[in-house]
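Engineer: Sequence first, then the predicted structure, then my questions.
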Amino acid sequence: MPIRLYNTLTRGPEEFQTLEPGKVRMYTCGPTVYNFAHIGNLRAFASQDVLKRHLKWRGYDVRHVMNLTDVEDKIIKTCRTTGESLASLTGRFARHFLEDLDTLQIQRPDVMPRATEHIDEMVAFIQDLMAKGHAYRADDGSVYFKLTSFPDYGKLSHFDMDQLQTGASGRVEVDEYAQEDARDFALWKAWDEDDGDIFWETALGKGRPGWHIECSAMSMKYLGETFDLHLGGVDLIFPHHENEIAQSEANTGKTFVKHWVHSAHLLVDGRKMSKSLGNIYTLREVLEKGYDPLAVRWVLIATHYRQPNNFTFEAVDAAAQSLGRIRDFRLRLREVTGEGSSLEAETAECRRLFGEAMDDDINISGALGVVFNFIRDTNRIIDERGLGAEGVRKAEALLDDLDRVTGLFNPSLEEAVPQGILDLVLERQQARRSKDFKRADEIRDELAAEGWVLEDTPDGPRVKRSLERRVS
């Protein structure tokens, strides 16, 4: 079964076909590094991670490029407000972003180019556009892309070109603007006093690049003039990705990208994130409440990438419960002894159905359901007719294999238990031997109050962290 992906450009699902057999050239619009990424940003990157992992699982050789925007309007404003240098500000938050990726088990890209390291490529790109009549210099020295020179403008966002403004009043200087506001956009911004010491002396004059030209110049440098897959959030369709297409195809005369894939917004408690509602969370703020990063990853990827995802702390609790089921199943497999099923048919069927779900536009919810059906059925087999060593091996190998796609099926089975908790467990054992069952029950309650669950097994008591969380 071929992989099918929804292509924003054509507004429908398509069979995923690459320019080179077996190889994927993929570009992701990365963060603007002037602040911590919030969980809405991370939802997009986590969903894109699952797509990349699945392509690799299906045998593709994936070359993944993600840019870091380290010069842009918001960055310059932050530098001006705080007095921090551009390099210090962007370097610090680039490191924090990479830490967030690692915490959520989002695989790092192969190449992470920074805009400030590719000024020469951008200048050359802009000079080519000017020479071909697609860009012009304004009175202040800035250079703008001429939208009327590219008749296909709007094909990604389905913008109505009849609304297009022209002339000086039809220019837009800022990098981000309203959906209905298609105007000539800045490729190169001439220096002014607000930019302070952030500028480059180039053949275009003293200034800095616009945001949109950065992605075109860097993606084409590392992936070629045409590549397979461009990823981003739906908020980037217009104007950013529309402008990328215009300037890139105007320059080369070739198709810029074959497949455009966009992730929907993340809501928090059913509402759009906003400062006024106080519901914009960074990953650090969520983890400070005591949540497992793997449970956060689960919430960010478990809803189909094209559907709005509603982040709630109740959902993270539910994800922790799901992770608990996987941990318990893996622990049970460790304890299985004797003879029984080899699970040959069951594991093969699970792998097949999982793959088919993921091939269908990355249907992650369907794929997760397949795995939990396998866990349920295997537990039933253990109870009714036993599981042999080969069955244990195949079940563990299956979860390890599918973990390559989800990053969810191999949670840590061991957790450091504080000495004080271990002392309480020992005291409870002594109380039970002494038939002091009242004290034994009190200790169980004390452990529960501290967030630990005590299980009595044939091999002795086992204590593990409770899956329930309380948010202050």
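Structural biologist: That came through fine.

Engineer: which residues of the stretch 1-150 of the chain fall in strands?
Structural biologist: In the stretch 1-150 of the chain, the segments counted as strands under DSSP state E, counting those that start in this stretch are 4-7, 12-15, 23-28, 61-66, 135-137, 143-145.

Engineer: do the same with the stretch 301-450 of the chain
Structural biologist: Using DSSP E, counting those that start in this stretch, strands in the stretch 301-450 of the chain cover 309-311.

Engineer: now the helices for it?
Structural biologist: Using DSSP state H, counting those that start in this stretch, the helices of the stretch 301-450 of the chain run over 313-335, 344-359, 364-384, 389-406, 419-433, 437-449.

Engineer: Can you list the neighbours in contact with the shortest one?
Structural biologist: Residues lying outside helix 437-449 but in contact with it, judged by C-beta atoms under 8 Å, 6 or more residues apart in numbering, are I421, L424, V425, E427, R428, A431, R432, V453, L454, V463, S466. Bear in mind the C-beta positions are built from the backbone N, C-alpha and C, glycine included.

Engineer: my guess is the last one contacts E455, does it?
Structural biologist: Right, S466. No. If you go by C-beta atoms under 8 Å, S466 and E455 don't touch, sitting 11.5 Å apart.

Engineer: Looking at those two now, which is surrounded by more residues?
Structural biologist: Neighbours per residue (other C-beta atoms under 10 Å) separate S466 from E455, with S466 holding more: 15 against 11.

Engineer: Name all residues that make contact with the more buried one.
Structural biologist: Per C-beta under 8 Å, 6+ apart, neighbours of S466: A448, G451, W452, V453.

Engineer: just T252 next, same as before
Structural biologist: M220, E225, T226 are the contacts of T252 under C-beta under 8 Å, 6+ apart.

Engineer: CSV for the residues you listed, including distance to D102, neighbour count and pLDDT?
Structural biologist: Compiled in CSV, the contacts of T252 are given as follows (distance: C-beta to C-beta, whole Å; neighbours: other C-beta atoms under 10 Å; pLDDT from 0 to 100):
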residue, distance to D102, neighbour count, pLDDT
M220, 28, 21, 98
E225, 33, 14, 98
T226, 32, 16, 98
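
Engineer: Turn those into TSV, including secondary structure.
Structural biologist: Converted to TSV, these look like this (DSSP: H, G, I helix; E, B strand; the rest coil):
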residue	secondary structure
M220	helix
E225	coil
T226	coil
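
Engineer: closest to V405 among those?
Structural biologist: Closest approach to V405 among those (C-beta to C-beta): T226, at 27.4 Å.

Engineer: From G355, how far out is G59?
Structural biologist: Look at G59 and G355: by C-beta to C-beta, to the nearest Å, they are 11 Å apart.

Engineer: so the helix or strand containing E455 versus helix 419-433, what angle?
Structural biologist: Using DSSP states H and E, the element containing E455 is strand 452-457. Going by axes from the mean of the first three to the mean of the last three C-alpha atoms, to 10 degrees, strand 452-457 is angled at 40 degrees with respect to helix 419-433.
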